[in-house]
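Asker: Next comes the sequence, and after it the predicted model I'd like to discuss.
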Amino acid sequence: AMNVEVVDHRCKPAKGQFVQMPVGQTEPTLHQVVAEIKKAFPAGDFVLATLHREKLTQLDESLWAKIRGGKPQLLLVPSMSTKLQAEVHTVINIEPHPDTITEAGNYEYHDSVGNSLAFALSELVDNSLSAVSWNQDKEERNIILRLHTKAGRVSALMVSDNGCGMNTTELRDLGTYHKGVSRRTSIRGEFKDPEEKFGPTHRYLNSNISYFGVGAKQAIFFLGDACKYITKRADERAVHEFSLSRATFGDRLAKNEAVYKDLVVSRAPGDIGATDKSSFYRRFVSSEKSEQHFTHLVIEPVLERVQEKMSVAGTHQELSHQLNMLCSDLARIYHYYLFGPKGNSPQRDQHTGIVKITLEHYDGDDLQPKEIIDLRNLPQLYLDRESLFLQTAVDKFEFLIDTSNGVVQGEIRYHPYVESRETYPQLHPIPEDDFQNEEGEAPALHNIFALYWNGRYVSDCQKLYFCDPADDNNKLKAAEKRGELELYNRLSGTLFFGSGWKVTTNKMTFMSNIEEVLNNSTKTTFMYRATSKGDFKKVANFDRLFVDWLRKCHKDYDKQLEFLPPGTSGVFAELDSRVWTKYTSIRTANGLITTDQKVKLRKRRNFYGRIAYFALLGDHVREANVLHSKGSVARAVLVQEPRSIYGLQHLSIPLEQLLNPTDPVLITESEFTSGMKEEMHKLPAS
């Protein structure tokens, strides 16, 4: 039935009346409206008009069609020229258009590197991650992504978890757009902060990432046309179902019905008769009887954009490749939830992962998955970026930054130069001339830091002031003089942020410019450096400590020296009592160096000499290709000249000292001859 509000020209509240149209008739004609109004106002002549003074007659159906939506408001006046004697209050409905939900995701999940599907799915995984965080310590925390293909096309997506489940109140909160966690009423218990389990470097793995009450709805309609939640709590006997549909929203809008009012259907667990026969979920209904608590989200049908991302027209191997790539993207987003605070590093504890995430591919009417991919056990080819960084690094520099938004936890890792190649994972190859451009300006670095918010990957940032050689001109000149610019391109790092830092609703970027905020604040706030005991100590000369660490990594790990065979192993009097291998030549980035090369050590009162041999700690005689760093295990043994003065006197120095570009040791033949003359002049006259 439709209510028509009729107000006379005096606009007195007592004169306002509602005219009820016949029950069951939702769209009455103007003729019927006028007839009903005459029944309600039988006395006197009147003119019926809109508030815009458009006269309504029984024949003006076109004008009536424009205003009949909602609750029409009509004015009863003696004539069209009659003036209003008081205010008229009009109630308008500003309920959001359904496109607010169904189209919002179109503008949220497109990024420059093509990970839109992973970012959209991650919104749904976020909800599951929050749900499984409430499981007891001994319970598994499982999230399963299921993809169904039918007749060569992706027909359904499903996200399942064994988390706490939802009741009808929580389903209402979930379905309410922009009703974030801070506005919801939860009847769950307290969730323990992971710091109690992992200590002060817990990386903010608090599962507090299902945050805004926006992402799931946007992601659902970015991926498909309709969805259904199927959920059960441990303290309830019924399974609850709640649906959202683009088509249903459109139909209700067209019929002037309440768009956002819907039903929650409650049924017995395992009641397959209540499930649509064509639904992908039908094959999982029977398992409800054995599950105490769960949530399944089924999206079907899926949109064309998913078909394009997950093309199944090719071979199974092609689809398998696409699925593994998707899993790789998701594994990066949830890396520290999958592997624990230390990540997928060789030193990690195998049992510190918080959640297990798998992807299952079903095809046609098959009841068993065609392929199962465990995000914690991806093939080497599909390792996520964070795993690649952690597994190829040889050392790390851990620190804390204390800011007004909370403490930022961070680490920088070093990827050495080994066997004539860089070990930094070349995800985005760095041009050979990237260290200095044509104008001689500062080097253009890759993004050093991955940014994780509450344990979830958000975005990248390039640098912080202490690891940027271009931060000031003196630092840049020093790095250029020592040949250290290339070292900054061997760095990767991660910054971990807590809830005090705000991110956008799609969780793909921070609200603040992270580089600007941290680079401004770190120069005025205290920095904390990790100690060998695992705690953090406040330091004042933080950037200097970082440069010292960087140089030590270069010295100890960059294997830029090739020791050329043949070699001879043994214990040599010029060295210590350990076994060394003796070589007559080495190859560096600047060329070949052999024995008899002339040297000068200025710090030893102008020591002049020749290289007797090169030594590398250990027995390497049987190795065909021996590459090593400039560290203390690689040395040069010198003979001081002239022998007529000093005899056969040997001196062992680190190869790093021999090759130091800021204090050259290697000299030319003419420089050596001049030096010998000076030395001979020291002898008394005969």
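Answerer: Done, it's in.

Asker: Which SSE is immediately downstream of the helix or strand bottoming out on mean pLDDT in the chain?
Answerer: When the helices and strands of the chain are compared on mean pLDDT, DSSP states H and E, helix 195-198 comes out lowest with a mean of 45. Beyond helix 195-198 on the C-terminal side, the first helix or strand identified by DSSP states H and E is helix 215-223.

Asker: Just give me the residue right at the centre of this structure.
Answerer: Centroid-nearest residue in the chain: Tyr457, 2.1 Å away (criterion: CA atoms, centre = their mean).

Asker: and it, bridged to which residues?
Answerer: On the basis of DSSP bridges, Tyr457 is bridged to Tyr452.

Asker: So it versus Ile354, what's the distance?
Answerer: 15 Å (CB to CB, to the nearest Å). In this view, the C-beta of every residue, glycine as well, is placed from N, C-alpha and C.

Asker: following the longest strand along the chain, which helix or strand comes up?
Answerer: Assignment by DSSP state E gives strand 607-617 as the longest strand of the chain. Following strand 607-617 in sequence order, the next helix or strand is strand 626-628 (DSSP H and E).

Asker: for the stretch 301-450 of the chain, which spans come out with low pLDDT?
Answerer: 311-315, 350-351, 419-420, 427-445 (pLDDT under 70).

Asker: all helices of it, in order?
Answerer: 304-309, 316-333, 335-339, 385-392 (DSSP state H, counting those that start in this stretch).

Asker: most neighbours per residue, which of those?
Answerer: Of all the helices of the stretch 301-450 of the chain, helix 335-339 has the most neighbours on average by mean count of other CB atoms under 10 Å, namely a mean of 26.

Asker: Give me the contact list for that helix.
Answerer: 129, 203, 205, 207, 331, 343-345, 348, 352-357, 375-376, 384, 386-387, 452, 455-457 (CB atoms under 8 Å, 6 or more residues apart in numbering).

Asker: Equivalent analysis for stretch 148-158, please.
Answerer: Contacts of stretch 148-158 (CB under 8 Å, 6+ apart): 121, 144-147, 223-224, 279-281, 296-302, 306-307, 310, 312-313, 319, 361-364.

Asker: If any of those residues are buried, give me the PyMOL selection for them.
Answerer: Buried residues within the contacts of stretch 148-158, by 16 or more other CB atoms under 10 Å, are selected in PyMOL with:
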select buried, resi 121+144+145+146+147+223+224+279+280+281+296+297+298+299+300+302+306+310+312+319+361+362+363
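
Asker: Just the ones in strands from the contacts of stretch 148-158, please.
Answerer: Using DSSP E, the contacts of stretch 148-158 in strands are Ile144, Leu145, Arg146, Leu147, His296, Leu297, Val298, Ile299, His361, Tyr362, Asp363.

Asker: Please identify which helix or strand holds Leu495.
Answerer: strand 491-497.

Asker: Thr248 too?
Answerer: Using DSSP H and E, Thr248 falls in helix 246-254.

Asker: Tell me which other helices or strands that helix touches.
Answerer: Here helix 246-254 touches helix 99-102, strand 226-232, going by 3 or more CB pairs under 8 Å, 6 or more residues apart in numbering; DSSP states H and E.

Asker: In terms of mean pLDDT, which of the ones you listed ranks lowest?
Answerer: Mean pLDDT per stretch puts helix 99-102 lowest among the helices and strands packed on helix 246-254, at a mean of 79.

Asker: What residues sit buried inside that helix?
Answerer: Those would be Ile101, Thr102, for helix 99-102 by 16+ other CB under 10 Å.
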